[in-house]
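In: Predicted model and sequence follow; I will ask about them next.
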Amino acid sequence: MPEPLFAICIPAYNARSTLAHVLNAAARQRVGGRRPQIYVLDDGSTDDTAELIGQSTAQLLSHDRCLGLARARNTLIEKVGAQFLVFLDADAAPEPGCVQSLLDAFEDDVGAVGGMGIEHYQDRLADRYRAQVTPQSHGDQPLEDRHLMGLCLAVRRCAALEIGGFDEAFANAGEDIDFSLRLRQAGWKLRYEPEARVDHLRSGSVGDLLRQSTRHAYWASRALSAIDRRELSAYALGTVRHLSTRTVHDLRAGRIGMAGLGALVLPARLASIVAGTLAGMPLRTQARCASKHEDD
């Protein structure tokens, strides 16, 4: 039996509140008129995520305990035999045409294609800041050889196997940056396709935003310090330039809440970049337990 062209793969941990919406949106995707095969890896959830998956048309894979996002992705790479694996986070619902746009961007030398996250919730200050200042997006134009974001990521399975999958030393952040860098290091091209969009169903407090921002900066810096020091410098300088410019702009426009939040995020993120750079990157390790999955 020939290998399927593609499959949608969703790592999930305690995702009951968002997963049904993501599964419904995934089931409506079509590629050349073909319906997708959908696989969900339940990473030892303690809520009724597994029951919800069982009530859907998706195929259920599972871990007995939570092993973290990187390990969940690797299990899907190992178990799902399709040429292209389209990873969606359990809170990232694909918009119509998302999967088709991802797959259309592949050429023979392209190892992975990433899409854009659109923040669904913007009522709270932290959600507006995430949507307007730190979105999971590289903008509205297609790009090559930029690191890709795991919430919407199509990978050529043979390329993922070639580099050993995702590094499980990254417990719950930064695994997508490390994966992108190692694909590029192995000679594969990366593409960012803004027409592939997902509706990111995440909402949180200011504290949640600060924890997410610092965690991502720390682990991104560890990945970059191990593989690409020049890109690390560009990442650090770009972060300072972008956040400081936006904070001043918000202050001048009278958006005091946004400016105040920017004044908190900038030093916290910069401190995390310094800490991650000084810590360096550990060797690839066996899976670590993670208390929960986190967005990238």
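Out: Thanks, I have it.
In: Helices of the stretch 51-200 of the chain, residue ranges please.
Out: 69-79, 98-104, 125-132, 157-162, 175-185 (DSSP state H, counting those that start in this stretch).
In: Which stretch among the ones you listed approaches Leu270 most closely?
Out: helix 125-132 (16.5 Å; CB to CB). In short, each C-beta sits where N, CA and C put it, glycine included.
In: And for that closest one, what's in contact with it?
Out: The contact list for helix 125-132 (CB atoms under 8 Å, 6 or more residues apart in numbering) reads 118-119, 121-122, 202-206, 208-209, 257-258, 261-262, 265.
In: for this protein, what helix or strand is lowest in average pLDDT?
Out: In the chain, the helix or strand scored least confidently by mean pLDDT, DSSP states H and E is helix 49-54, which has a mean of 88.
In: Pull out the buried positions in that helix.
Out: Of the residues in helix 49-54, those buried under the neighbour-count criterion (16 or more other CB atoms under 10 Å) are Thr49, Ala50, Leu52, Ile53.
In: can you give me how far it is from the chain middle?
Out: For helix 49-54, the distance from its own C-alpha centre to the chain's C-alpha centre is 22 Å (CA atoms, centre = their mean, to the nearest Å).
In: now stretch 108-116
Out: Using CA atoms, centre = their mean, the offset of stretch 108-116 from its chain centre is 14 Å.
In: next one: stretch 69-82
Out: 15 Å.
In: how about it: buried residues?
Out: Buried residues in stretch 69-82 (16+ other CB under 10 Å): Leu69, Ala70, Arg71, Ala72, Arg73, Asn74, Thr75, Leu76, Ile77, Val80, Ala82.
In: go on, stretch 145-159?
Out: Applying a neighbour-count criterion of 16+ other CB under 10 Å, one finds His147, Leu148, Met149, Gly150, Leu151, Cys152, Leu153, Ala154, Val155, Arg156, Arg157, Ala159 buried in stretch 145-159.
In: pretty sure the third one is touching Asp176, no?
Out: Meaning Met149. Yes: counting by CB atoms under 8 Å, Met149 does reach Asp176; the two are 5.8 Å apart.
In: all strands for the chain, in order.
Out: Along the chain, the segments classed as strands by DSSP state E run 6-12, 38-43, 59-63, 84-88, 92-94, 110-119, 143-144, 152-156, 189-200.
In: and the last one, what does it pack onto?
Out: Spelled out, that is strand 189-200. If you count contacts as 3 or more CB pairs under 8 Å, 6 or more residues apart in numbering; DSSP states H and E, strand 189-200 packs onto strand 92-94, helix 98-104, strand 110-119, strand 143-144, strand 152-156, helix 175-185.
In: Closest one of the buried residues of helix 49-54 to Trp188?
Out: Distances from Trp188 to the buried residues of helix 49-54, taken as CB to CB, are shortest for Ile53 (31.3 Å).
In: which ones are touching that closest one?
Out: Ala12, Leu19, Leu23, Val40, Asp42, Leu60.
In: which one of the residues you listed is nearest Thr239?
Out: When these are compared for distance to Thr239 (CB to CB), Ala12 wins out at 30.1 Å.
In: Tell me, how many residues neighbour the residue nearest to that closest one when sequence neighbours are not counted?
Out: Computed as CB to CB, 6 or more residues apart in numbering, the closest residue to Ala12 that is not its neighbour in sequence is Ala90, at 4.1 Å. Residues contacting Ala90 under the criterion other CB atoms under 10 Å number 30.
In: Would you agree Ala90 is in contact with Tyr13?
Out: Yes: contact criterion CB under 8 Å: Ala90 and Tyr13 qualify, at 7.4 Å.
In: Tell me how far Ala223 lies from Asp48.
Out: Distance, Ala223 to Asp48, using CB to CB, to the nearest Å: 34 Å.
In: and the two? which has more neighbours close in?
Out: Ala223 (28 against 12).
In: Isn't that one up against Ala173?
Out: No: look at Ala223 against Ala173 with CB under 8 Å: they stay out of range, at 9.8 Å.
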